[in-house]
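**Q** What follows is a protein structure lacking sequence information:
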């Protein structure tokens, strides 16, 4: 998803809800500022013969620079950050140093243009990490027979270290990622070696089946040191030494991987708090998220509390009762219930409880189509057949009770293993990965929602509980983790002045602490239809009736357009929100706003306020376009397109081109600047997305007018992260103040331009700041200018 801001100078005031422009938020930076790419490159006028074919090549020359061009901006950015923290001028302190990045060719993002205005100190859930200078060796691990389970692989390596650690491994304590990579501080006594270990399953009686032999081959794969990481953290190198950071991250994850349940980058355990029942056979476990990141203050360990859903360790019978909300377990399951249970339990591990002296574990692959009383299978090679009920009674003296229910099935269809539900218990520590319903989501939020003071205390307790100072793997690699949250400088940006429609009693509004009241303010002169009510059971019919009556009224008045905005006050009825959203936006094509009933203190079940298209233009000056996108595909495909038409020939199109045309039709001028806010991009895709989408944007501009290349600022917006900010004065204001911005110390890249912004006040829990990362900037914004502009835009 992206937001495209098209600017023309000077600004014209908008009649809708707008921000009052101030010179500080739109003032461009001086062209003399050192940037990557340089202003000379960025602002160079195109030749009259520019074409879409040459734009991509010119863009690549701007974005990709050699190592000699990369070094100075990084050096100056590092010097500027150091000088700003010391309270001195960056220009006076910036040294000129010859620098050598790792790669010969790299994608240069703009350097940080200073640190912004100084402010107060706040805490962030980042913990400074110091590492002793070491040579780090990477070894490739091959285990035969191969296992897909990380836990099994860890047990095999643990047994190897236990047996050969003091001899063949030279007394070293390597860290293992559970797959193919083994890391060691210093070299092992060999370059390639093969080992054999045997794992014993204590729960199996048969010795031949209980013992399993594994062959492990360890061979050297590479070597790295901390020099390039130190150069990167100091701003003397552009390329991030990802392998070195990965090694240190694996080391810090080694101990918790043994002690807790691992889910992605988080660790969960029942020791972190009481289990919370969230319904339908699932429960909520608390844990923590951990990630090692390079930041402007050095290596930082980002730690945050987290929670997720797990299967309750109960009998399968009890799970089915809770999942289907059954009161009478004696009745048989119908086909619909059987399909639900099959989907819910597929892949879940269970352990049997019908034998007191032996426990066996199985993975569920399905459910039988017939109940246990009718399920017959062969019991020997002679073809003797017996029912499951009779087999359990004869073999284990176990009388099954729920014979009307189907059996769980394990193994393959050709060699199935039938397991009665009452003889199985769900194994503890299995994540509930199915989609949670509304009730479960609400319950998990209630169980984990914490005010900032509580969340900060929980993070502190988890850090103390983890005892990083006593971690044997961290000690082996010379890693020390600070136990205190990082203190970072922050400032609070002033909110913009908002303007509403002239038909209201109050035409302007100054937000306070990120909030404002809509009383006496108007967004359109009057609604098309009077406010009406409907009961929850008649929601769909009421919405369709409003749409029909509005269309008739607009047609009679001859205004043109159609109903495009519908405000509905939603009652507290489960399922109402999704149902109404589906009807409005999928069936009727209406943009709907559905605030909660409690927010308005109203008695109506449903009330509506309708605006036509012409009135909606008074609300905002944004124009929206929607284009279908393939699943899990980072690049926006339809920014610019070229198609062949048999009659028209080559036809240019795409979202950017359509927006530029609409802007010119509305204002009579072309955009003089473009600010591109891009959402949904992971850090590993920054360069890929920037290159392709900037190329599409340039081609779209050039297709409209030869030589038209407005300066562009490309900003990635990240909302899925784990950085939290905590105010010093919890007693005065628990929530982080609206407009709080942090631009140094904890931002991910030591030299590039990024910042965290909390634009609005939080209602409950702990506010999550949005992270902005500037990937390209031809407008040469200062830190203050872009941060203020971004904050102001969040109010429109």
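**A** Yep, that arrived. Here the structure is a predicted model, which is why all the values come from computation and not from measurement.

**Q** Tell me where the model's unsure across the stretch 651-796 of the chain.
**A** 729-734 (pLDDT under 70).

**Q** residue boundaries of the strands in it?
**A** 673-679, 712-718, 725-726, 740-742, 754-758, 770-777 (DSSP state E, counting those that start in this stretch).

**Q** spatially speaking, which residue is in the middle of the chain?
**A** For the chain, the residue nearest the mean C-alpha position is residue 720 (3.2 Å; Cα atoms, centre = their mean).

**Q** Can you show me the strands along the stretch 451-600 of the chain?
**A** Ranges of strands in the stretch 451-600 of the chain, per DSSP E, counting those that start in this stretch, are 479-481, 486-492, 498-499, 508-509, 563-568, 591-593.

**Q** My error: substitute the stretch 51-200 of the chain in the last question.
**A** According to DSSP E, counting those that start in this stretch, the stretch 51-200 of the chain carries its strands in the segments 64-66, 105-107, 120-124, 126-131, 135-144, 175-176, 181-185, 192-200.

**Q** Would you mind finding the most buried of those?
**A** Mean neighbours per residue, mean count of other Cβ atoms under 10 Å, is largest over the strands of the stretch 51-200 of the chain for strand 175-176, with a mean of 24. Heads up, the C-betas are built off the backbone N, CA and C, glycines and all.

**Q** Check the offset of it from the chain's centre.
**A** Its chain's average C-alpha position is 27 Å from that of strand 175-176, according to Cα atoms, centre = their mean, to the nearest Å.

**Q** what helices or strands is that strand leaning on?
**A** Applying 3 or more Cβ pairs under 8 Å, 6 or more residues apart in numbering; DSSP states H and E, we find strand 175-176 packed against helix 150-164, strand 181-185, helix 242-259, helix 472-477.

**Q** Please produce JSON lines containing these, extended by mean pLDDT.
**A** Below are those laid out as JSON lines (pLDDT from 0 to 100):
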{"stretch": "helix 150-164", "mean pLDDT": "92"}
{"stretch": "strand 181-185", "mean pLDDT": "95"}
{"stretch": "helix 242-259", "mean pLDDT": "94"}
{"stretch": "helix 472-477", "mean pLDDT": "95"}
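
**Q** residue at max distance from the center of this structure?
**A** When each C-alpha in the chain is compared with the mean C-alpha position (Cα atoms, centre = their mean), residue 382 comes out farthest, at 57.8 Å.

**Q** Against residue 389, how distant is that residue?
**A** In this structure, residue 382 and residue 389 are 21 Å apart, going by Cβ to Cβ, to the nearest Å.

**Q** buried stuff in stretch 440-456?
**A** Buried residues in stretch 440-456, defined by neighbour count with 16 or more other Cβ atoms under 10 Å: 440, 443-444, 447-448, 450, 452, 455-456.

**Q** For that stretch, give the mean pLDDT please.
**A** Across stretch 440-456, pLDDT averages out at 87.

**Q** quick one, what contacts residue 376?
**A** By Cβ atoms under 8 Å, 6 or more residues apart in numbering, residue 376 lies in contact with 385-388.

**Q** What is the nearest of the residues you listed to residue 462?
**A** For those, the minimum distance to residue 462 (Cβ to Cβ) is 46.8 Å, reached by residue 388.

**Q** so what pLDDT did that closest one get?
**A** What the model reports as pLDDT for residue 388 is 89.

**Q** Count the neighbours of it for me.
**A** Other residues lying near residue 388 total 21 when counted by other Cβ atoms under 10 Å.

**Q** Quick one: residues contacting it.
**A** Shown in contact with residue 388 (Cβ under 8 Å, 6+ apart): 372, 375-377, 400, 407, 418, 420.

**Q** can you give me the helices in the stretch 251-400 of the chain?
**A** 316-324, 335-345, 388-396 (DSSP state H, counting those that start in this stretch).
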